[in-house]
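Engineer: curious how this folds, go ahead:
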Amino acid sequence: MCGRFALTAATEDLAEFFQLVDLEPFPPRYNIAPTQPVLMITAGPARHPGSNLPDRQAFLVRWGFIPSWTRDVSQMPLMINARAETISEKASFKAAMRHRRALLPASGFYEWKREGKVSRPYWVRPRNGGIVAFASLVETYAEPGGSEIDTGAIVTTAANLEFAHIHHRMPVVIDPRDFERWLDCRTQEPRNVTDLLKPAQPDFFETIPVSDAVNKVANTGPELQERAEHKSLPEKAASKKKLADINQLDLF
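Structural biologist: Next up, the predicted model:
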């Protein structure tokens, strides 16, 4: 799962990384949460005149996917993630997977590791720094009043072995050399890009324990990403957790 992330790169670095023309200034954000506007990139309608850059456009969407056929938004769950294993068949996502694939720029994401009754937050970033692109889907939802809203979800997959001890899911990372293929919904059908929906290489991310200040959406400063060693669980609580994990394994 991916429920919080950050994007702190300079606008010019984003434009260069994604080969974009005329990218509007985008301020650094350290604690992006569901339902907030997020930057996404799709294939554009036409190549920019006089430019050799790829045909791409960037725009803001609501983080929380709403299928176009939704009649009552209040009855729909908040879909911030789409499972890579089922997006080509699931009714909510299959049209977007075929026609509206996107990239979501990030500097990293936050994940919580469950330890007994406590959840420990981690800041997960590329080991070598820089920008990362998450596979995403976009859908335009027409509200009953006639207005339209662009919405989106991040595609997730099973965690790699290095990350699995924190959480069993992680965002799908699209390598820059695969941007064109992932975004090309004209000639590349879902079956042509499913090979891209895989976990990141084991050494791609590094995980940094951070304070639980990130739990509050109102906290938005760079201090959220500072290392904060987590206190060890009491031995008794740790033993109970280990026993619970063993019992859980017995179910499979």
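
Engineer: low-confidence ranges in the stretch 1-150 of the chain?
Structural biologist: For the stretch 1-150 of the chain, the stretches flagged by pLDDT under 70 are 46-51.

Engineer: and the strands in it?
Structural biologist: According to DSSP state E, counting those that start in this stretch, the stretch 1-150 of the chain carries its strands in the segments 4-7, 29-32, 37-43, 56-63, 81-83, 101-106, 108-115, 118-126, 132-142, 148-158.

Engineer: single out the most deeply packed of those.
Structural biologist: Ranked by mean neighbour count, the strands of the stretch 1-150 of the chain are led by strand 101-106 with a mean of 26 (mean count of other C-beta atoms under 10 Å). In this view, the C-beta of every residue, glycine as well, is placed from N, C-alpha and C.

Engineer: which other helices and strands contact that strand?
Structural biologist: Applying 3 or more C-beta pairs under 8 Å, 6 or more residues apart in numbering; DSSP states H and E, we find strand 101-106 packed against strand 4-7, helix 11-18, strand 37-43, strand 132-142, strand 148-158, helix 179-183.

Engineer: so how far is it off the chain centroid?
Structural biologist: From the chain centre to the centre of strand 101-106 is a distance of 8 Å (C-alpha atoms, centre = their mean, to the nearest Å).

Engineer: give me the angle between it and strand 56-63.
Structural biologist: Inter-element angle recorded for strand 101-106 and strand 56-63: 80 degrees (by axes from the mean of the first three to the mean of the last three C-alpha atoms, to 10 degrees).

Engineer: follow-up on the earlier one: let's have the strands of the stretch 1-150 of the chain in JSON lines, adding distance to Ser232.
Structural biologist: Below are these laid out as JSON lines (distance: least, C-beta to C-beta, whole Å):
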{"stretch": "strand 4-7", "distance to Ser232": "24"}
{"stretch": "strand 29-32", "distance to Ser232": "26"}
{"stretch": "strand 37-43", "distance to Ser232": "35"}
{"stretch": "strand 56-63", "distance to Ser232": "34"}
{"stretch": "strand 81-83", "distance to Ser232": "31"}
{"stretch": "strand 101-106", "distance to Ser232": "30"}
{"stretch": "strand 108-115", "distance to Ser232": "9"}
{"stretch": "strand 118-126", "distance to Ser232": "11"}
{"stretch": "strand 132-142", "distance to Ser232": "31"}
{"stretch": "strand 148-158", "distance to Ser232": "28"}
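
Engineer: thinking again about what came up before, Arg83 is nearest to which of the helices and strands packed on strand 101-106?
Structural biologist: strand 148-158 (6.2 Å; C-beta to C-beta).
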